[in-house]
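*Asks:* Take this sequence and fold it.
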Amino acid sequence: MYKSSLQKYVFNLILIAVTVSFNTSQANAEKPISAQKNQSNKELVSIQNAWVRPTNAGQVVGAAYMTFTSKQDITLVKIESDVTKSVEIHNMSMEGSVMKMRMLDTIVLSAKKPYILAPGGFHFMLFDLKKPLNIGDEVSFVLHFKPTSENAKYKKDTAEITQNIKVKVQTAPQAPKDEHDMKTMAK
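*Replies:* Alright, predicted model coming up:
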């Protein structure tokens, strides 16, 4: 997973920062914005409270957080970004007295149930950053979704939703204490 000792060091620094912010609360909630690439995806998934953590020069790993709400059961299967070579879904959880992180293949969104990505819980890890992420920058994400059930109103193979998210310092919401639906698949 780590390509160099510097990457491992930076990853550990991020892990410490995320752990420290685990018990903080969010100061300002943002208004929901509809995520879309085209009209057919306009109302499929709503994204709220989206933000990307700023990085320092030379830092090659970043993180992004947001809350998803979908009108139907749908699965997030892939994430792409213009500032990085790869984006992975990760989850942090306490196991005994140790904070552990694991990578997930997908996130299953249940209809009308918010799915929170927050420090200390589920989040996107941005690997091999092409440049530092500075406060005020915008990062473009393309989220790829597939229908979860055959009965879904959304029948396409995939939906691509493009979302621009600002880099900012955020007082992070606490990750939910109750785990999200464990249908989320781990590698």
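
*Asks:* what residue ranges in this structure score low on pLDDT?
*Replies:* By pLDDT under 70, the low-scoring segments of the chain are 1-43, 149-157, 171-187.

*Asks:* so where's the longest strand in it?
*Replies:* Counting residues, the longest strand found in the chain (DSSP state E) is strand 84-95.

*Asks:* what packs against the helix or strand following that one?
*Replies:* Note on strand 84-95: by DSSP states H and E, the next helix or strand toward the C-terminus is strand 98-104. In this structure, strand 98-104 packs against helix 5-20, strand 84-95, with contacts taken as 3 or more C-beta pairs under 8 Å, 6 or more residues apart in numbering; DSSP states H and E. All C-beta spots, glycine's among them, are computed from the backbone N, C-alpha and C.

*Asks:* so what's the closest residue in space to residue 56 that isn't next to it in sequence up against?
*Replies:* With C-beta to C-beta, 6 or more residues apart in numbering as the criterion, residue 56 has its nearest non-adjacent residue at 6.5 Å, and that residue is residue 132. Going by C-beta atoms under 8 Å, 6 or more residues apart in numbering, residue 132 touches 54-59.

*Asks:* Out of those, who's the most crowded?
*Replies:* Greatest neighbour count in the contacts of residue 132, by other C-beta atoms under 10 Å, goes to residue 55: 22 neighbours.

*Asks:* which ones are touching that residue?
*Replies:* 61-62, 129, 132-133.

*Asks:* Then residue 65?
*Replies:* 49-53, 117-119, 123-124, 170, 172.

*Asks:* Put together a markdown table for the residues you listed, with neighbour count and secondary structure on each row.
*Replies:* Shown next, in a markdown table, are these (neighbours: other C-beta atoms under 10 Å; DSSP: H, G, I helix; E, B strand; the rest coil):
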| residue | neighbour count | secondary structure |
| --- | --- | --- |
| 49 | 21 | strand |
| 50 | 23 | strand |
| 51 | 20 | strand |
| 52 | 25 | strand |
| 53 | 23 | coil |
| 117 | 25 | strand |
| 118 | 23 | coil |
| 119 | 24 | coil |
| 123 | 25 | strand |
| 124 | 23 | strand |
| 170 | 22 | coil |
| 172 | 25 | coil |
